[in-house]
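>>> Here is the input, now give the coordinates:
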Amino acid sequence: MRFAAPLLALAGLSLSLSACGLQPIYAGGSQGVIARGLADVEVAPIPGDEGWLVKNALEDRLGRGANGGSARYRLDIVLDDTLEGFGLLTDDTIGRERRTLRARYQLVDIATDTILVDATAGSDAGIDVVGSEYATIAAEQTALENLAEDVADQIVLRLTRVLREQEQ
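Got it, this is the predicted structure:
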């Protein structure tokens, strides 16, 4: 009897949560509406090393090739990659850098040439400048790779929300 009260409370709580309207975004797995919609997005070429990294990260997340080669949407992206030094040391050398990657992107419906999304995404990372130039360059490159992944995640999240709204 002493276990009945907590079980009843748990049952009541689970019923109230099921009525809140939460639905999984990726319901249906790779055959779901959102996954198929993301696979219908073609990423336009993006210039530069940072463009190559962002494009590959996006194609990995969107399901490159899952749509059989036809695309319903085009994703146009313009990147701004900056590297600035700050944190001056006593000998007037830079002790820290900040790498910032910003993306302005538009999701375009290819059939109607309508812009469905016009937004920005961005991220930044701090880098320690050390005595070894090689180590500093390697840290800058690693930061760029991580930033490309972060920006791609932000873009895909926004596209997922837009595709979900179109479904409803």
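>>> can we go C-alpha only for contacts and neighbour counts from here?
OK.
>>> how close does residue 34 get to residue 46?
For residue 34, the distance to residue 46 (Cα to Cα, to the nearest Å) stands at 24 Å.
>>> Helix, strand, or coil at residue 166?
Following DSSP: H, G, I helix; E, B strand; the rest coil, residue 166 is assigned to helix.
>>> residues near it, how many?
9 (other Cα atoms under 10 Å).
>>> need the contact list for it.
By Cα atoms under 8 Å, 6 or more residues apart in numbering, the contact list for residue 166 is empty.
>>> ok, now which ones touch residue 87?
Counting by Cα under 8 Å, 6+ apart, residue 87 touches 94-97.
>>> In strands, which of those fall?
Among the contacts of residue 87, DSSP state E puts 94-97 in strands.
>>> Name only those of those residues that count as buried.
Neighbour counting with 16 or more other Cα atoms under 10 Å marks 94-97 as buried within these.
>>> can you list the weak-confidence ranges in the chain?
Across the chain, the ranges flagged by pLDDT under 70 are 1-33, 64-69, 167-168.
>>> Please enumerate the strands of it.
41-43, 73-88, 94-109, 114-128.
>>> ok, the ones in strands among the contacts of residue 87 vs residue 157, which is closest?
residue 97 (28.3 Å; Cα to Cα).
>>> Leaving out sequence neighbours, find the closest residue to the closest one.
residue 85 (4.3 Å; Cα to Cα, 6 or more residues apart in numbering).
>>> Over to residue 128?
Per Cα to Cα, 6+ apart, closest to residue 128 is residue 96, 4.7 Å.
>>> burial count for the spatially closest residue to residue 104 that is not a sequence neighbour?
Excluding the flanking residues, the one nearest residue 104 by Cα to Cα, 6+ apart is residue 120, at 4.4 Å. If you count neighbours by other Cα under 10 Å, residue 120 ends up with 17.
>>> Run a quick check on residue 120 versus residue 107, I expect a contact.
No: between residue 120 and residue 107 there is no contact under Cα atoms under 8 Å: 11.4 Å.
>>> pretty sure residue 111 is touching residue 70, no?
No: using Cα under 8 Å, residue 111 makes no contact with residue 70, being 11.7 Å away.
>>> The two: which has the busier surroundings?
residue 70 (12 against 9).
>>> Could you report the distance from that one to residue 103?
25 Å.
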